[in-house]
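[1] Next input, structure requested:
(one chain, ligands or ions: 1)
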Amino acid sequence: MNVLVINAGSSSCKYQLINMENEVVLCAGLVERIGEDMGKLAHKIAPDTDKEEKIVLEQPFANHVEGMKKVVELITDADKGVVKDKSEIGAIGHRVVMGGEEITKSVKVDAKVKEIIDGYKALCPLHNPANLAGIEVAEELFPGTPSVAVFDTEFHQTMPSRAYMYPLPLNLYEDLKVRRYGFHGTSHRYVTKKAAEFLGKPVDEVNLVTCHLGNGCSMAAVKNGKCIDTTMGITPLEGLMMGTRCGDIDPAIVPFLVEAKGMTAAEVDTLMNKQSGLKGICGMNDMRDIHAAVEKGDEKAKMALDMFVYRIKKYIGSFYAALGRVDAVIFTAGIGENDDIVRAEVCSEMEVLGITIDLEKNAVRSGEPRNIAKAEGSVAVLVVPTNEELEIAQATMEVLKG
Ligand code: ADP
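    Below is the predicted model of the structure:
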């Protein structure tokens, strides 16, 4: 069966069509600047193979439906299409960011599920309405084809209350569901399964610290294959320092800024989400630019890099304490998979915890899972490329099989 994975953002829509018999990606792409004067559609046939072909269209897309209509035309094109007819698409898997406490597993989309997704729009204003738009697009363009919603928050629903509760008045949890949910769950779950495979252990016997380091960064403490803690909270702002997000700060900074600078709550929110993190400290949020600047002696870039690394180290220590035993530390996503400098600095001087790094192994670039720890290290240090689209497609198949 072919599964179309849709990850709809507020003005963009990412997609992948995967043949689930052999897990081969038939095509993938991104519709951008939806609703703007000029939009862009970048479509790749047979991506990352020697047969890869790229088609780029620049034209306005009034809304998500218009953008995805064009994608369906490309997918089923008589000449360049990868399927003859859209009936060859057997199911649609949707990335949905927030499912709250109501949804602990991927589910087939129905009216009730849509209502739950809509109910979290106040907490996840950038994601949930867009994810719902993606679902509605699929309903319009693929009537009768089953849609499955796969949630970022699912994997973290196994956290115990001591990890997910905030020490705030209890009624905030009871009335408003103010608690920690965690994000990037599809990625943490995917690399957990891959790491167990790599270590040759059943997934329910592995203890891991997973580090998803991309534009957004989060970590999870995984005990016997299940998440027991994570760094992100009620929103994807808590935890690690990120590209433009601050991560953990003293919450009293918020009222201080409101008083001292006369900022509104919305302005402080924008400051913490878009103007902070690596960018806030050194003006750059791409780690490659930061390394280049450090090379040239840029001190702010060095401070940003040091802060980024230090905060990951601190969380590895605290998750180690929470887990008691760690089989492996996993690095994944843009920085985790590609940045040997960050990996080496994070793992430096951690021998006391059994965490080591073999600098030669660390320097090797590869798309395969690999162990970069020294032979004598008691904890494996794994680089595991993540694949959230494949995880969503696999979860979609599992739901449909019941
Ligand atoms: P997202 O969170 O948007 O999915 P990615 O996982 O693709 O992001 O990660 C994007 C980030 O990864 C970039 O901003 C960049 O900092 C970092 N990155 C990508 N490639 C490299 C590389 N070769 N070296 C260092 N950092 C990299």
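[2] Where does the residue of the chain at minimum distance from the ligand sit: helix, strand or coil?
    Among the residues of the chain, Gly334 lies closest to the ligand, at 2.0 Å counting by CB to the nearest ligand atom. In this view, the C-beta of every residue, glycine as well, is placed from N, C-alpha and C. With DSSP: H, G, I helix; E, B strand; the rest coil as the basis, Gly334 sits in helix.
[3] likewise the one 3 residues further on?
    Using three-state DSSP, the secondary structure recorded for Glu337 is helix.
[4] Please give the element, helix or strand, for the residue nearest to it when sequence neighbours are not counted.
    Once flanking residues are discounted, Glu337 sits nearest to Pro385: 5.3 Å by CB to CB, 6 or more residues apart in numbering. In the assignment (DSSP states H and E), Pro385 maps to no helix and no strand.
[5] The one 5 residues further on now?
    In this assignment (DSSP H and E), Leu390 forms part of helix 388-401.
[6] for Arg288, same thing?
    Element membership for Arg288, per DSSP H and E: helix 287-295.
[7] got the CA coordinates for that helix in CSV?
    Extracted C-alpha coordinates of helix 287-295, given in CSV (Å, rounded to 0.1, in the frame of the first residue of the first chain):
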residue,chain,number,x,y,z
MET,A,287,24.9,25.7,13.6
ARG,A,288,27.1,25.6,10.4
ASP,A,289,27.3,29.5,10.4
ILE,A,290,28.1,29.4,14.1
HIS,A,291,31.0,27.0,13.7
ALA,A,292,32.4,29.2,10.8
ALA,A,293,32.1,32.3,13.0
VAL,A,294,33.8,30.5,15.9
GLU,A,295,36.7,29.6,13.6
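[8] Can you get me the start-to-end distance on stretch 78-98?
    Chord length of stretch 78-98, first to last residue, is 38 Å (CA to CA, to the nearest Å).
[9] right, quick check: that stretch against the ligand, any contact?
    No: with CB under 6 Å from any ligand atom as the criterion, the ligand is not reached by stretch 78-98; the gap is at least 11.3 Å.
[10] ok, longest helix in this structure?
    helix 299-323 (DSSP state H).
[11] Next, the buried residues of it.
    For helix 299-323, the neighbour count (16 or more other CB atoms under 10 Å) marks 301, 304-305, 308-309, 311-313, 315-316, 319-320, 323 as buried.
[12] What mean pLDDT does the helix holding Arg288 get?
    Mean pLDDT, computed over helix 287-295, is 98.
[13] Would you mark the buried spots in it?
    If you call a residue buried by 16+ other CB under 10 Å, then helix 287-295 has these buried ones: Met287, Ile290, Ala293, Val294.
[14] rewinding a little: show me the subset of the buried residues of helix 299-323 that also lies near the ligand.
    Among these, not one lies near the ligand by CB under 6 Å from any ligand atom.
[15] about what we covered before: show me the contacts for the residue of the chain closest to the ligand.
    For Gly334, the contacting residues are Leu213, Gly214, Asn215, Met287, by CB atoms under 8 Å, 6 or more residues apart in numbering.
[16] Near the first one, how many other residues are there?
    The reference is to Leu213. Leu213 is flanked by 26 other residues according to other CB atoms under 10 Å.
[17] any idea how far it is from Asn371?
    In this view, Leu213 and Asn371 are 18 Å apart by CB to CB, to the nearest Å.
[18] same question, the third one
    Taking CB to CB as the criterion, Asn215 is separated from Asn371 by 26 Å.
[19] next one: the last one
    As judged by CB to CB, Met287 and Asn371 stand 23 Å apart.
[20] How many neighbouring residues does Glu391 have?
    Using other CB under 10 Å, Glu391 is surrounded by 25 other residues.
[21] where's His43, which helix or strand?
    Here His43 is assigned to strand 40-45, by DSSP H and E.
[22] With Ala195 instead?
    Counting by DSSP H and E, the element that carries Ala195 is helix 185-199.
[23] hmm, that helix touching the ligand?
    No: judged by CB under 6 Å from any ligand atom, helix 185-199 stays clear of the ligand, getting no closer than 8.6 Å.
[24] tally of neighbours for the closest residue in space to Val342 that isn't next to it in sequence?
    Closest residue in space to Val342, ignoring its immediate chain neighbours: Ile335 at 5.6 Å, by CB to CB, 6+ apart. Counted with other CB under 10 Å, the burial measure for Ile335 works out to 24 neighbours.
[25] and this structure, which of its residues are near the ligand?
    So the chain meets the ligand at Gly214, Asn215, Gly216, Gly243, Asp286, Met287, Arg288, Ala333, Gly334, Ile335, Asn338, Asp339 (CB under 6 Å from any ligand atom).
[26] now do 5 Å
    Residues of the chain lying close to the ligand (CB under 5 Å from any ligand atom) are Gly214, Asn215, Gly216, Asp286, Met287, Arg288, Ala333, Gly334, Ile335, Asn338, Asp339.
[27] Extract the CA atoms of stretch 389-402 and return them as PDB.
    The C-alpha trace of stretch 389-402 is given here as PDB (Å, rounded to 0.1, in the frame of the first residue of the first chain):
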ATOM      1  CA  GLU A 389       7.700  10.500   7.800                       C
ATOM      2  CA  LEU A 390       8.400   6.800   7.800                       C
ATOM      3  CA  GLU A 391       7.400   6.600  11.500                       C
ATOM      4  CA  ILE A 392       4.100   8.300  10.600                       C
ATOM      5  CA  ALA A 393       3.500   6.000   7.700                       C
ATOM      6  CA  GLN A 394       4.300   2.900   9.800                       C
ATOM      7  CA  ALA A 395       2.000   4.100  12.600                       C
ATOM      8  CA  THR A 396      -0.700   4.700   9.900                       C
ATOM      9  CA  MET A 397      -0.400   1.100   8.700                       C
ATOM     10  CA  GLU A 398      -0.600  -0.200  12.300                       C
ATOM     11  CA  VAL A 399      -3.800   1.700  13.000                       C
ATOM     12  CA  LEU A 400      -5.400   0.500   9.800                       C
ATOM     13  CA  LYS A 401      -4.400  -3.100  10.500                       C
ATOM     14  CA  GLY A 402      -6.100  -2.700  13.900                       C
END
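[28] So which bits of it are buried?
    Residues of stretch 389-402 classed as buried: Glu389, Leu390, Glu391, Ile392, Ala393, Gln394, Ala395, Thr396, Met397, Val399, Leu400 (neighbour count, 16+ other CB under 10 Å).
[29] Good, wrapping up.
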